[in-house]
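Chemist: Quick check, what structure comes out for this input:
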Amino acid sequence: MDSSRSIENLLYTYAERIDMGDLEGVAELFRGAVITSPTGGESRGYEAVLSLYQTSTRLYADNNTPHTKHVTTNPIIELQSDTTATCRSYFTVFQSLPDFPIQPIISGRYHDEFEKADGVWRFKKRTMLPELFGDLSQHLLFDASDIQ
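Modeler: Predicted coordinates for the structure are as follows:
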């Protein structure tokens, strides 16, 4: 598989894992990386990223998921070398619950950095840049006004 496709698959793997409620799997994607949140805080490595998602993402008892679909689009992947790359992409998160009709709840951009180690591409850094906000009350475990 070529480098661009491998990096694109990382973007989609993140979306799949968060939507499945696999917060440990999300944290594994960022084991050697850092996530910069919309408020500017940084979470570095597995434990910090896992804590970030456990304290911010509401999981529902019926299936231990957030009842979301993270859609990642428009990836612009730029290879700097055989072992480094960046990507700018858009995200839109949809959510639906029995008493919460399907709707987009947030949209924005990711700015990602990647590195290749032992022949495998991995996240090095993710910056989350939310821009459009809907009703996040059923998704987040904190007051969304902190990121708007």
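Chemist: How about the contacts made by residue 110?
Modeler: Contacts for residue 110 (C-beta atoms under 8 Å, 6 or more residues apart in numbering) come out as 11, 72, 87-91, 126-129. From N, CA and C alone the C-beta is placed, and that goes for glycine too.
Chemist: Need the pLDDT of the residue located most distally from the centre of the chain.
Modeler: No residue in the chain sits farther from the centre than residue 99, which is 25.2 Å out by C-alpha atoms, centre = their mean. What the model reports for residue 99 is a pLDDT of 96.
Chemist: ok, it to residue 19 distance?
Modeler: Distance of residue 99 to residue 19, computed by C-beta to C-beta, to the nearest Å: 20 Å.
Chemist: Can you give me the end-to-end span of stretch 37-57?
Modeler: Terminal residues of stretch 37-57 lie 13 Å apart, using C-alpha to C-alpha, to the nearest Å.
Chemist: in it, what's buried?
Modeler: Residues of stretch 37-57 classed as buried by neighbour count (16 or more other C-beta atoms under 10 Å): 37-38, 43, 46, 49-50, 52-53, 57.
Chemist: List of residues touching it?
Modeler: With C-beta under 8 Å, 6+ apart as the test, stretch 37-57 has contacts from 18, 23-24, 26-28, 30-36, 66, 128-130, 139-142, 146-147.
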